[in-house]
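Trainee: what's the 3D shape of this:
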Amino acid sequence: MALRVAFALIFLFSMATLKKARAQARADQKDVRKVIELNDGWRFKYGAASETVRDLGFDDAGWQQISVPHTWNRVGFYSMTQGPEANVERGAGWYRRKLNLPAVAKDRRYFLQFDGVAIVAEVWVNGIRVGNHKAPIRVSVSTSPINSSLARTI
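Mentor: Numbers count the residues shown, from 1 in each chain. Below is the predicted model:
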């Protein structure tokens, strides 16, 4: 009889521990991935820019304020035939955004993902080139030199 009671107590303790572990796992999963939308607050300039455009202190105050997704060469009326008012310019376009992020956790991984890059993009963070790719673009910034002061300017 005492053996049955001991097994019952062990079973109940195990079930309570399992239930607690499952609840903790669900709580932990909520913290696994945090997505911060960066659609608003961008600055844009079409055409060539000076080499200092990648610097943290670069003044982009004169650039156009935009939200993404954005395109500069799809303005005008569109139909099966292209009208004369359509802007079909090709070339370089510069996008910049400033961020204020909380302290960086060293045990976390950080990514920037750009789903709307149409052709080719280079990504610079805090003046450091972290990647380039064709659309969509996702670059890891976890192990780069910028990790100690993550993403003040993209």
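
Trainee: C-terminal to the helix or strand bottoming out on mean pLDDT in the chain, what's the next element?
Mentor: Lowest on mean pLDDT, DSSP states H and E among the helices and strands of the chain sits helix 2-30, with a mean of 57. Downstream of helix 2-30, the first helix or strand assigned by DSSP states H and E is strand 42-46.

Trainee: For the residue nearest to residue 60 when sequence neighbours are not counted, which residues are in contact?
Mentor: With sequence-adjacent residues excluded and distances taken as C-beta to C-beta, 6 or more residues apart in numbering, residue 60 is closest to residue 43, at 4.4 Å. C-beta coordinates here come from the backbone N, C-alpha and C atoms, glycine included. By C-beta atoms under 8 Å, 6 or more residues apart in numbering, the residues touching residue 43 are 60, 63-66, 95-97.

Trainee: mind putting those in CSV, secondary structure included?
Mentor: CSV is the format used below for the contacts of residue 43 (DSSP: H, G, I helix; E, B strand; the rest coil):
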residue, secondary structure
60, coil
63, coil
64, strand
65, strand
66, strand
95, strand
96, strand
97, strand
